[in-house]
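>>> structure here, sequence nowhere to be found:
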Ligand code: HEM
Ligand SMILES: [Ca+2]
């Protein structure tokens, strides 16, 4: 590879002109304190020359011109002018038959779960909740340019759909994303969604993506986050049912958590992570207070928050990305090997692009397993539940040792092997029985989301990545089987029309990684920005808040097993947290927790 920090991958300059409109025309003026040692809650003032870069509620960028029929928002057509195949048709033809789970002997559930945890740190692209309550109440053949924007792209279901056809269902709910022009008073054309999360890996999914939210999560006592103690255990605070996202609409839900990110209650895995990281923040704050009784609540909170943010960056770059993208690839500046320290490149815009959030980083949806296992302290599987039946129902997690059992289950069980398909349950019955439009197909939604936000076609992004050009279906034979190519020919008018997520999912995984080359390139581009464009990156030198070498060295002894040991009743963990038990050396929690040594943080009063 080239030099680690500089020419690594793909950074192709600024992308289309529309990327700068928000900053030229709509951005509020922000005054920054260049000497601040902590991140702001919303990510502003990280980049002092462009203070809103990477902050929450700024537009996604585009790597490539938007793919819209009218250049502004209408879903693109095929090159011969015909409509694109409906997302469900693509799912049925190419993917659904292969949707059974097969076990991944190398990776347990944490690989997928940590990925989603980081997703919620860096991107939040919600559908527009305003307008008609149900888009499917509008007959699909009556949809035209006067239809409310949110409802212009419901997913049409074929009459002979093997799952939905039986019930005569012909429409699946889909709401278009909120955009800068429609929802945030900034007329950017082509339409562009706003990222409501801070792009930086700063654990904003735990703390909140804005200062108002962040304050509402704090106890203002000893630097701690608010918690709810239930049966003597600490959980995230409980949320009032009214107005909450995801717990509403299910009658049997009594527990509903409040989190820095609104998706906290989506399913057991993400809820568990939110709870254990909340607990861990409080463990760290308590330890810091013990060492520094003279520190104020504010200092304790900020130091604990900075520690958790740094730890998550370490887990992403040291542990997670090498498995996702392949070690030999990440060793060129995207991991922590070779003692590379991070140099700051203020010209790098640490924003996410629609190509990433709308398509490429959804490829790991193919690692979501159908069932979650409760495993007790004797390693007996006491229950196994279907993910889709328990979405938005976090209730069981507060009972007895259920949270410990779920985390133990995620640790011991083999994950879902990354195949070009999502599991059968989320391909047909996501949010099963949920009042607000249950029985969804996540893959159809992902395909439609890509079209909604104007993600360019697969072939264009592949070329952007510098991969060998594909000019015809036949050229695909270097990467795909004849059978798949035949199906693609039946779906799309030409090879140029393929959706990015479809191509990215079908590509064979790269050596030592779990995604194909196009996804690898697009993910690398973002994780590169989020490292070299983050002035507060944990090992950045020469900044007002830079960590001392002693603190850095203590931090590098930390890992996800340590977090799990400190916050659950598990008494042993695999030394490589992403490996299923039986493949990785087990370490005793009482030994492993010795790594949680904060003495470098001791300061004299
Ligand atoms: C059980 C696990 C998961 C479930 C049930 C789930 C479900 C969902 C749903 C319902 C959406 C919204 C789709 C839309 O309306 O456009 C979404 C978005 C997304 N998911 Fe997942 N997901 C899971 C795990 C993951 C994982 C493992 C990753 C990546 C490593 C991931 C990456 C994403 C991304 C990047 C988005 C777009 C988010 C945004 O910008 O708002 N998800 N997921
Ligand atoms: Ca963030």
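Yes, it's here. Because the structure is predicted, anything quoted here is derived from the model rather than measured. Residues are numbered from 1 along each chain as shown. Ligands and ions are numbered 1, 2, ... in the order given.

>>> for the chain, give me the ranges with low pLDDT.
Applying pLDDT under 70 to the chain picks out residues 1-13, 240-253, 435-437.

>>> next one: the closest residue to ligand 2 within the stretch 301-450 of the chain from residue 267, what distance?
Closest to ligand 2 within the stretch 301-450 of the chain is residue 309: 8.5 Å, counting by C-beta to the ion. (Glycine included, C-beta is placed from N, CA and C.) Look at residue 309 and residue 267: by C-beta to C-beta, to the nearest Å, they are 24 Å apart.

>>> could you do residue 443 as well?
Distance from residue 443 to residue 267, by C-beta to C-beta: 17 Å.

>>> more crowded one of those two?
Higher neighbour count among residue 443 and residue 267: residue 443, with 29 against 23, using other C-beta atoms under 10 Å.

>>> quick one: that one and residue 92 touch, right?
No. Using C-beta atoms under 8 Å, residue 443 is not in contact with residue 92; the gap is 10.1 Å.

>>> re earlier: which SSE is the residue of the stretch 301-450 of the chain closest to ligand 2 in?
In the assignment (DSSP states H and E), residue 309 maps to helix 297-314.

>>> what about the helix or strand following that helix, near ligand 1?
Later in the chain than helix 297-314, the nearest helix or strand by DSSP H and E is helix 321-325. No. Helix 321-325 is not in contact with ligand 1 by C-beta under 6 Å from any ligand atom; minimum separation 7.7 Å.

>>> what's the helix or strand just after helix 321-325 packed up against?
Next along the chain after helix 321-325, taking DSSP H and E as the criterion, comes helix 327-330. Secondary-structure packing of helix 327-330 (3 or more C-beta pairs under 8 Å, 6 or more residues apart in numbering; DSSP states H and E): helix 517-532.

>>> what about the helix it packs on, distance to the chain center?
13 Å (C-alpha atoms, centre = their mean, to the nearest Å).

>>> name the residues of the protein found near ligand 2, please.
Neighbours of ligand 2 within the chain, by C-beta under 5 Å from the ion: 121, 198, 202, 204.

>>> from those, which ones fall inside helices?
121, 204 (DSSP state H).

>>> what is the nearest of the residues of the chain next to ligand 2 to ligand 1?
Ligand 1 has its nearest neighbour among the residues of the chain next to ligand 2 in residue 121, at 10.8 Å by C-beta to the nearest ligand atom.

>>> name the nearest residue to the closest one, sequence neighbours excluded.
Once flanking residues are discounted, residue 121 sits nearest to residue 205: 4.6 Å by C-beta to C-beta, 6 or more residues apart in numbering.

>>> quick one: is stretch 262-275 near ligand 1?
Yes. Stretch 262-275 is in contact with ligand 1 by C-beta under 6 Å from any ligand atom, via 266-267, 269.

>>> which of those fall in helices?
Mapping the residues of stretch 262-275 next to ligand 1 onto helices (DSSP H) picks out residue 269.

>>> using CSV, please lay out the residues of stretch 262-275 next to ligand 1 together with distance to residue 455.
Output for these, formatted as CSV (distance: C-beta to C-beta, whole Å):
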residue, distance to residue 455
266, 23
267, 25
269, 26
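
>>> residue 102: which of the residues of stretch 262-275 next to ligand 1 is nearest?
Proximity of these to residue 102 (C-beta to C-beta) peaks at residue 269, which lies at 19.3 Å.

>>> residues touching the closest residue in space to the closest one that isn't next to it in sequence, list them.
Of all residues not flanking residue 269 in the chain, residue 113 sits nearest, at 4.4 Å (C-beta to C-beta, 6+ apart). Applying C-beta atoms under 8 Å, 6 or more residues apart in numbering to residue 113 gives the contacts 269-270, 272-273, 410.

>>> so where do the helices sit in the stretch 351-500 of the chain?
354-357, 402-412, 442-452, 458-464, 482-491, 500-506 (DSSP state H, counting those that start in this stretch).

>>> and residue 381, what does it touch?
By C-beta under 8 Å, 6+ apart, the neighbours of residue 381 are 373-375, 409.

>>> quick check: bridge partners of it?
Beta bridges link residue 381 to residue 375, judged by DSSP bridges.

>>> ok, back up a step: between the residues of the chain next to ligand 2, which is nearest residue 578?
For the residues of the chain next to ligand 2, the minimum distance to residue 578 (C-beta to C-beta) is 17.9 Å, reached by residue 121.

>>> can you give me the offset of stretch 266-274 from its chain's centre?
13 Å.

>>> just stretch 383-394 next, same as before
Per C-alpha atoms, centre = their mean, the displacement of stretch 383-394 from the mean C-alpha position of its chain is 20 Å.

>>> what's the span of it from first residue to last?
16 Å (C-alpha to C-alpha, to the nearest Å).

>>> contacts for it?
Residues from elsewhere that reach stretch 383-394 (C-beta under 8 Å, 6+ apart): 246-247, 249-250, 252-253, 255-257, 265-268, 271, 368-374, 396, 405, 423, 425-426, 429-434.

>>> which among those end up buried?
Applying 16 or more other C-beta atoms under 10 Å to the contacts of stretch 383-394, the neighbour count classes 246-247, 249-250, 253, 255-257, 265-268, 271, 368-374, 396, 405, 423, 425-426, 429-432, 434 as buried.

>>> what strand or helix carries the residue nearest to residue 269?
Residue 113 is part of helix 109-122 when elements are defined by DSSP H and E.

>>> the following helix or strand past that helix pairs with which strands, and in what direction?
Next in sequence after helix 109-122, counting helices and strands by DSSP H and E, comes strand 155-156. Paired neighbours of strand 155-156 in the sheet (DSSP bridges): strand 171-172 (antiparallel).

>>> any idea how far the closest residue to residue 101 other than its chain neighbours is from residue 59?
Counting by C-beta to C-beta, 6+ apart, residue 416 is the residue found nearest to residue 101 once chain neighbours are left out, at 4.9 Å. If you measure residue 416 against residue 59 using C-beta to C-beta, the figure is 33 Å.

>>> tally of neighbours for the residue in the stretch 51-200 of the chain positioned nearest to ligand 2?
Closest to ligand 2 within the stretch 51-200 of the chain is residue 198: 3.6 Å, counting by C-beta to the ion. The number of residues packed near residue 198 is 31, by other C-beta under 10 Å.

>>> residue 460 now?
Residue 460 has 18 neighbours, counted by other C-beta under 10 Å.

>>> state the helix or strand in which the nearest residue to it once chain neighbours are set aside lies.
Excluding the flanking residues, the one nearest residue 460 by C-beta to C-beta, 6+ apart is residue 64, at 6.0 Å. Element membership for residue 64, per DSSP H and E: none, as it lies in no helix or strand.

>>> surely residue 64 touches residue 355?
Yes. Under the criterion of C-beta under 8 Å, residue 64 makes contact with residue 355 at 7.0 Å.

>>> any common contacting residues for the two?
In contact with both residue 64 and residue 355: 456, 461, using C-beta under 8 Å, 6+ apart.

>>> and these two? Which one has more around it.
Between residue 64 and residue 355, counted using other C-beta under 10 Å, the more crowded position is residue 355 (32 against 20).

>>> quick one, strands of this protein?
58-59, 103-108, 155-156, 171-172, 194-195, 228-230, 233-235, 371-375, 381-386, 414-416, 572-574, 586-588 (DSSP state E).

>>> most neighbours per residue, which of those strands?
strand 58-59 (a mean of 26; mean count of other C-beta atoms under 10 Å).

>>> and that strand, which strands flank it?
Strand pairing for strand 58-59, determined by DSSP bridges: strand 194-195 (antiparallel).

>>> off-centre distance for the strand it pairs with?
Here strand 194-195 is found 14 Å from its chain centre; the criterion is C-alpha atoms, centre = their mean.

>>> does that strand come close to ligand 1?
No. Residues of strand 194-195 contacting ligand 1 under C-beta under 6 Å from any ligand atom: none, with a closest distance of 7.2 Å.
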